[in-house]
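# Structure for this input, please:
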Amino acid sequence: MDRTRHPALRSSLCAALTAAALGAAGLVAAAPSAQAADTDLIRNGGFESGLDGWSCTAGSGAVVTSPVHGGGHALKATPAGSDNAQCSQSVAVQPNSTYTLSSWVQGSYVYLGASGTGTTDVSTWTQSAPSWQQLTTTFKTGASTTSVTVYTHGWYGTAAYGADDVSLIGPGGAPVQIPSAPTGLTASGATSSGIGLSWSPVTGATGYNVYRDGAKVASASGTSATVTGLAPSTAYSFQVTATNSAGESPKSAAVSASTTGGGTTPPPSGHALVGYLHASFANGAGYTRMADVPDDWNIIDLAFGEPTSPTSGDIRFTPCPVSACPTAESLADFKAAIKAKQAAGKKVLISIGGQNGQVQLTTTAARDTFVSSVSKIIDDYGLDGLDVDFEGHSLSLNTGDTDFRSPTTPVIVNLIDALKTLKAKYGSRFVLTMAPETFFVQMGYQYYGSGPWGGQDPRCGAYLPVIYALRDSLTLLHVQDYNSGSIMGLDNQYHSMGGADFHIAMTDMLLTGFPVAGDTAKVFPALRPDQVAIGLPASTQAGNGWTSPAEVTKTLDCLTKKANCGTYQTHGSWPGLRGLMTWSINWDRFNGGEFSKNFDAYPWS
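Here you go, the predicted model:
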């Protein structure tokens, strides 16, 4: 967060480069003519036998009699939330052979593709097909490929699409066999609400089903999954099956695992108002003594602890000196006021970073120094915990680091380790909050890191692995819904800051979950409502994207009561939404307390 206002708007580089790459990916060469020995390998490509042979995600597909391209039936599939309505079929093929895949489609952003080719997987798409349009692409199988998966899908939040007369022309392979039961099932990474599972790949499998205590709870395209929504300190039994177009294998041998005891500390009971206090510097908002912070504020973030150098990990905090803040209290009075706030039920945290405090834990030595120096600040001032406000170039992803669930970039891994160490050191009473910008979180819906083709901004979505890894220790996430460019929501529309629509769309993403970079196999899970607050500037002077009290009220109405939502339709209502965060307490006092008064006046129930 900016000492004067707040950080500058983020570059649109990742969006521009990715859009160009997607456009290039949609180009296909002219399809070669089929050889005499080639046959159409698709089962029920015209959907005349219902969905026989096809599998559609989340029950998104249905067979209709109108509109159709040929025959009497066609597929209609409807994306919803984080599901893109993919319908797929596993097809037996021959190695080292060329195939032509085609389908007639209707709708917006309709995709046709093939995966598991053993060479280069292919896809093609149309941005708009108001009438039936044929998509065609070709591929060659690998030296050991005996089956591929062909699919159609739409795009998140768009209207239903149609597909008909799907064909795959090429030499036929051996009939698909039901796969054998998976082996090597192991459990790891238990938290208070989730357990990670992994197993060995099964030849011929195109997917896997996960069972908990005999009931199916998840599906996976790869050989790992995390089962969430579990109770703390509870034992569970897990099994896995392998699937393909021929059916489902027997269940694997069972493995037992238990969740941990939990220990997440919520903020003070009820809805919380979070504010940053300019404790180490002076600006136009004026200095506010700790004792003079109004009682409205439930969590007070001391801004800022900053590193001695970007890569040192050595964090220092010094209260604003009298030379810069003539009305500043003595150190003894400052510490005494912190204790008084805590005695009144408030939480006081040290916020690390801000616009000027770039923190890059590139080494384990920097990680360990971070832990020791932050611990010293917490102990010296008797604080309740830590707020992570890393901005700018503090967090970015190395090329090839593509899965937020298992990051490999040192600055990400070391930060996660450091925060887990601090949580373990101080125990269940430790309050951990984060204040990322939209660029580092919601932007991850479209882009993640440098992307599959490279060239994107490596900071896109870079906070996601940190939030995910600390999700069971995280007290509050309050994304900064300001100083932001336009961001795409789950409705696949761009939303701009300054009004209720932006805050509703951005918060809905956190409370619903979303596929990262559009990959439905990598879904960032929803956070609990009590873990989410909305970050806003307190006044027009505090940052770009100031939102009027009336629009803030509309935001809360929509998210907690599903009322006054405007054009954006949320995926639920969350009366337990924790509250609001603002930059800053100082700017709110400068503005006559408008922000905090509006919060206090809101009828939460």
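# now the strands for the stretch 251-400 of the chain?
Here the stretch 251-400 of the chain has its strands, by DSSP state E, counting those that start in this stretch, at 255-258, 272-278, 299-307, 315-316, 347-354, 385-390.
# Which of the ones you listed has the lowest mean pLDDT?
Of all the strands of the stretch 251-400 of the chain, the minimum mean pLDDT falls on strand 255-258 (a mean of 88).
# and that one, how far out from the chain's middle?
The chain centroid and the centroid of strand 255-258 are separated by 27 Å under C-alpha atoms, centre = their mean, to the nearest Å.
# can you count the residues close to the residue nearest to G284 when sequence neighbours are not counted?
Leaving aside its chain neighbours, G284 sits nearest to Q541 (6.8 Å; criterion: C-beta to C-beta, 6 or more residues apart in numbering). All C-beta spots, glycine's among them, are computed from the backbone N, C-alpha and C. When neighbours are defined as other C-beta atoms under 10 Å, Q541 has 15 of them.
# OK, contacts around Q541?
Listed by C-beta atoms under 8 Å, 6 or more residues apart in numbering, the contact set of Q541 reads R5, G284, A285, W587, F590, N591.
# quick check, nearest of these to M488?
Lowest distance from M488 to the contacts of Q541 (C-beta to C-beta) belongs to R5, with 25.2 Å.
# burial of G545, as a residue count?
Count around G545 with other C-beta under 10 Å applied: 23.
# got a pLDDT number for it?
Listed pLDDT for G545 reads 94.
# Distance to T100 and mean neighbour count added to the strands of the stretch 251-400 of the chain, as TSV?
TSV is the format used below for the strands of the stretch 251-400 of the chain (distance: least, C-beta to C-beta, whole Å; neighbours: other C-beta atoms under 10 Å):
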stretch	distance to T100	mean neighbour count
strand 255-258	43	15
strand 272-278	57	25
strand 299-307	57	26
strand 315-316	60	20
strand 347-354	53	25
strand 385-390	49	26
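# got those as JSON lines, with distance to P407 columns?
Below are the strands of the stretch 251-400 of the chain laid out as JSON lines (distance: least, C-beta to C-beta, whole Å):
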{"stretch": "strand 255-258", "distance to P407": "23"}
{"stretch": "strand 272-278", "distance to P407": "27"}
{"stretch": "strand 299-307", "distance to P407": "21"}
{"stretch": "strand 315-316", "distance to P407": "22"}
{"stretch": "strand 347-354", "distance to P407": "19"}
{"stretch": "strand 385-390", "distance to P407": "14"}
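# ok so, going back, just to be sure, the residue nearest to G284 is in a strand?
No: using DSSP: H, G, I helix; E, B strand; the rest coil, the assignment for Q541 is coil, not a strand.
# nearest residue to A92 other than its sequence neighbours?
Using C-beta to C-beta, 6+ apart, the nearest residue to A92 is G173, at 3.6 Å.
# you'd agree the one you found is up against S90?
No: using C-beta atoms under 8 Å, G173 is not in contact with S90; the gap is 10.8 Å.
# what's the residue positioned nearest the centre of the chain in contact with, if anything?
With distances taken as C-alpha atoms, centre = their mean, the chain has F524 as the residue nearest its mean C-alpha position (3.9 Å). By C-beta under 8 Å, 6+ apart, the contact set of F524 is F404, G444, L464, I467, Y468, G513, F514, P515, V516.
# let's go with 10 Å and repeat that
82, 404-405, 441-442, 444-445, 448, 461, 464-465, 467-468, 471, 509-510, 512-516 (C-beta atoms under 10 Å, 6 or more residues apart in numbering).
# S131 too?
Listed by C-beta under 10 Å, 6+ apart, the contact set of S131 reads P67, H69, W104, Q106.
# Same question for K376.
I315, R316, F317.
# Distance check, the residue nearest to T582 when sequence neighbours are not counted against A285.
Using C-beta to C-beta, 6+ apart and skipping the chain neighbours, the partner closest in space to T582 is A538 (4.4 Å). According to C-beta to C-beta, to the nearest Å, A538 stands 9 Å off from A285.
# what do you get for T327?
Following C-beta to C-beta, the distance that separates T327 from A285 is 13 Å.
# how many neighbours does G345 have?
For G345, the neighbour count with other C-beta under 10 Å is 10.
# Next one, pLDDT for it please.
92.
# Then S605?
pLDDT at S605 comes out at 77.
# my read: it touches L556, true?
No: with contact defined as C-beta atoms under 10 Å, S605 and L556 do not form a contacting pair (11.7 Å).
# Show me the common contact partners of the two, please.
Common neighbours of S605 and L556, counting by C-beta under 10 Å, 6+ apart, are H271.
# quick one, which of the two is more surrounded?
Taking neighbours as other C-beta under 10 Å, S605 and L556 compare with L556 leading, 25 against 6.
# element containing that one, please.
helix 549-561 (DSSP states H and E).
# avg pLDDT for whichever helix or strand comes after that helix?
Following helix 549-561 in sequence order, the next helix or strand is strand 579-583 (DSSP H and E). Mean pLDDT, strand 579-583: 97.
# C-terminal to strand 579-583, what's the next element?
Per DSSP H and E, strand 579-583 leads on to helix 585-590 as the next helix or strand towards the C-terminus.
# Extract the C-alpha trace of that following helix and format it as CSV.
Provided in CSV are the C-alpha atoms of helix 585-590 (Å, rounded to 0.1, in the frame of the first residue of the first chain):
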residue,chain,number,x,y,z
ILE,A,585,-7.7,4.7,9.3
ASN,A,586,-5.8,7.9,8.8
TRP,A,587,-7.6,8.8,5.6
ASP,A,588,-11.0,7.9,7.1
ARG,A,589,-10.4,10.3,10.0
PHE,A,590,-9.3,12.9,7.4
